[in-house]
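> Dropping a prediction and its sequence here:
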Amino acid sequence: MSTLSLRLPDSVHKKVRELAKQEGISINQFIASATAEKLAALLTAEYLEERGQRGSRKEYEKVLQKVKSRPPQPGDELPDE
C-alpha cells in the first residue's frame, strides 16, 4: 500500500470528514473508496468507447431483423410529438 500526502480545501475536508463519519468509516477509507469509484467510472467509459469502435452497424441491423415487431408494453410507449 502507498502513502499519499493530499491537500484539500478546508471546505472539502470538512465535508469529507462529515460524510465519512456518517458512513462509519475513516477519512482515508472514504477517499480511497471515492478514488476507486472515479477510476471505475473513467475506465468503464474508456472500455465502452473502445468496444463501440469495434461495433458494426451492419451486424447491429442484422440482429435487429431477428426481433419480432410488437407494440410496446404499457408504459414503454414513446410520447407523441
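Here it is on my side, so go on.

> if I pick Thr44, what's in contact with it?
By C-beta atoms under 8 Å, 6 or more residues apart in numbering, Thr44 lies in contact with nothing. C-beta coordinates here come from the backbone N, C-alpha and C atoms, glycine included.

> List the buried residues of the helix or strand hosting it.
Thr44 is part of helix 27-53 when elements are defined by DSSP states H and E. Within helix 27-53, the residues that qualify as buried are Phe30, Ile31, counting by 16 or more other C-beta atoms under 10 Å.

> Give the rounded mean pLDDT of it.
Mean per-residue pLDDT for helix 27-53: 95.

> immediately after that helix, which helix or strand?
helix 57-64.

> and that next one, what does it pack onto?
Using 3 or more C-beta pairs under 8 Å, 6 or more residues apart in numbering; DSSP states H and E, no helix or strand is in contact with helix 57-64.

> Residues in contact with that helix: which ones?
Against helix 57-64 from outside (C-beta under 8 Å, 6+ apart): no residues.

> roughly how far is that helix from the heart of the chain?
27 Å (C-alpha atoms, centre = their mean, to the nearest Å).

> okay, that helix in PDB with CA atoms only?
Extracted in PDB, the C-alpha atoms of helix 57-64 (Å, rounded to 0.1, in the frame of the first residue of the first chain):
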ATOM      1  CA  ARG A  57     -23.700  -1.100 -37.900                       C
ATOM      2  CA  LYS A  58     -24.300  -3.800 -40.500                       C
ATOM      3  CA  GLU A  59     -24.100  -6.600 -37.800                       C
ATOM      4  CA  TYR A  60     -26.400  -4.500 -35.500                       C
ATOM      5  CA  GLU A  61     -29.000  -4.200 -38.200                       C
ATOM      6  CA  LYS A  62     -28.800  -7.900 -38.900                       C
ATOM      7  CA  VAL A  63     -29.500  -8.700 -35.200                       C
ATOM      8  CA  LEU A  64     -32.400  -6.200 -35.200                       C
END
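
> So for that helix, what gets flagged as buried?
Result for helix 57-64 [16+ other C-beta under 10 Å]: no buried residues.

> Give me the mean pLDDT for it.
93.

> Isn't Arg17 up against Ser26?
No - counting by C-beta atoms under 8 Å, Arg17 does not reach Ser26; the two are 9.9 Å apart.
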